[in-house]
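> Below is the sequence, then the predicted model.
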Amino acid sequence: MFCSLVPEQHAVAEIRTLQYSSSFGEGSTIGSTFSSSYIFLEVVNKGVIVGNFSITLYFWDKTTQPYQLVANSSETGFIDSGATQTVYVPNSWLSNDQYSVTRDSSYNNAYLINYSVVSPTMFYAATKTEWKSIFTLAFGS
């Protein structure tokens, strides 16, 4: 038996959080009279639209229990779809070589640098279409 399908549309509110990837990196600058190292965090917007991201770096003293927050540094800004935002760890945090840069605090260094990223949540209206058979519309279920 052949049964026709009929579209039934409903207004719905969609909620989506933009996806991202993030990773630490390091580099150095060498001049004729100086050299310096730097550490950066790259956040890539994996979403299909621009989003306002909040990125916070944390500098922890691991010699105390619980760990003591020594400093933090935050940036908020729009990141285009597919684009990368680079945030640099403040140089003052790097003056001591006893730090680890990781989300894992298991390293035995005195200081830990880690981060958090808050990606935007988008709310928007959408129309959802369900295809139902005439039989289902007539008799329910």
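Arrived safely.

> Only C-alpha atoms from now on, for both contacts and neighbour counts.
Will do.

> tell me the contacts of the nearest residue to residue 125 once chain neighbours are set aside?
Closest residue to residue 125 apart from its sequence neighbours, by Cα to Cα, 6 or more residues apart in numbering: residue 13 at 4.6 Å. Taking Cα atoms under 8 Å, 6 or more residues apart in numbering as the contact definition, residue 13 lies against 123, 124, 125, 126.

> The last one touches residue 11, doesn't it?
By that I understand residue 126. Yes: counting by Cα atoms under 8 Å, residue 126 touches residue 11, with 5.9 Å between them.

> Let me see the domain layout of this structure.
Using automatic domain parsing, the domain ranges for the chain come out as 1-15+123-141, 19-119.

> The last one spans what distance, first to last residue?
This points to domain 19-119. Between the start and the finish of domain 19-119 there is a gap of 7 Å, counting by Cα to Cα, to the nearest Å.

> Helices along the protein, start to end?
134-139 (DSSP state H).

> how about low-confidence regions in it?
Flagging of the chain using pLDDT under 70 yields the residue ranges 1-3, 32, 34-35, 96-97, 102-108, 141.

> Kindly recompute the last result at 50.
Flagging of the chain using pLDDT under 50 yields an empty set of residue ranges.
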